[in-house]
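# Show me how the following folds:
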Amino acid sequence: MAFLMKCCTLIVNVLCLPLHLIEAVGLYELYKRVFPIWLYRFSKTYNKKMYDKKKELFRSLPEFNKPGGQLTILEIGCGTGANFEFYPPGCKVICTDPNPHFQKYLKKNIGENDHLTFERFVVASGEDMGSVESESVDVVVCTLVLCSVNNITQTLREARRILRPGGAFFFLEHVVADPSTWAYFFQHVLQPPWYYFGDGCEVTRETWKHVEAAGFSELKLRHIEAPLMFIVKPHIMGYAVK
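Predicted structure coming up:
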């Protein structure tokens, strides 16, 4: 099956040559203006299907609030703010995303979630959040983001830097399927067009290995099968304590 997968992937890559060319000449940047529209709609569907999983994941957030303090959450790659409804009342939220065009939808979700205190939106990649002070937040949240960052290891390093000692990194990410499955086959074959459709998203990443190697003092991670289309069905979820 490995040989067939390589052949099919090569054929798909050839078919994607116009997309590769568009990116090479810089025209792909135009899609970043359109992508927030698609992601806003997708996030609504994703939240409905993953509602129970998100509730379960974020149920532990209050445990990381300092006694007498206000829980401070920094979200990497906040997108349209799809996680806001799951955050506990009264917490303070800092948002980062490399795409400034998300702000329109972010403001809409902020208005619909007045149980939160919104501090600021920082245009920054996950690998470089230098404008956020070290050890300044209780929780870092990252959902459906590590699939598209350029460097997972550096992003996790930044998350650890920003977290206070005893703070936690919460994650929910789609990952590569088991190599023995057809899902794995099609993830690799369809990866070239998916990369462009998903604004840099890669469905073939073994993200859990990076989280396990990130140097957190405690890690609660489990693999789940999400009620989604096969290409993004395998997920990991959990949190890691600094």
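
# Please identify the buried residues of the helix ranked longest in the chain?
Ranked by residue count, the top helix of the chain under DSSP state H comes out as helix 31-49. Buried residues in helix 31-49, counting neighbours by 16 or more other C-beta atoms under 10 Å, are found at 35-36, 39-40, 42-43, 46. For every residue, glycine as well, the C-beta is placed using N, CA and C.

# One more: stretch 99-110?
99, 102-103, 105-106, 109-110.

# Likewise for stretch 204-220?
For stretch 204-220, using 16+ other C-beta under 10 Å, the buried residues are 205, 207-208, 210-211, 214, 216.

# what's the spacing between that stretch and its chain's center?
Here stretch 204-220 is found 14 Å from its chain centre; the criterion is C-alpha atoms, centre = their mean, to the nearest Å.

# before we move on, back to that, mind checking which of the buried residues of stretch 204-220 are in helices?
Per DSSP H, the subset of those in helices is 207-208, 210-211.

# Please settle this for me: is Val139 part of a strand?
Yes. Assessed with DSSP: H, G, I helix; E, B strand; the rest coil, Val139 lies in a strand.

# show me what contacts it?
Neighbouring residues of Val139 by C-beta atoms under 8 Å, 6 or more residues apart in numbering: 61, 64, 71-74, 163, 167-170.

# just Lys44 next, same as before
Ala82.

# Out of the buried residues of stretch 99-110, the closest to Trp194 would be?
Asn99 (17.9 Å; C-beta to C-beta).

# Pretty sure the closest one sits against Val34.
No. Between Asn99 and Val34 there is no contact under C-beta atoms under 8 Å: 10.9 Å.

# tell me which residues of the lengthiest strand in the chain are tucked away?
In the chain, assigned by DSSP state E, the strand with the most residues is strand 163-174. Using 16+ other C-beta under 10 Å as the test for burial, strand 163-174 gives 163-164, 167-174.

# With distance to Val14 added, can I get those in JSON lines?
As requested, these are exported to JSON lines (distance: C-beta to C-beta, whole Å):
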{"residue": "Leu163", "distance to Val14": "44"}
{"residue": "Arg164", "distance to Val14": "50"}
{"residue": "Gly167", "distance to Val14": "47"}
{"residue": "Ala168", "distance to Val14": "45"}
{"residue": "Phe169", "distance to Val14": "40"}
{"residue": "Phe170", "distance to Val14": "40"}
{"residue": "Phe171", "distance to Val14": "35"}
{"residue": "Leu172", "distance to Val14": "34"}
{"residue": "Glu173", "distance to Val14": "30"}
{"residue": "His174", "distance to Val14": "26"}
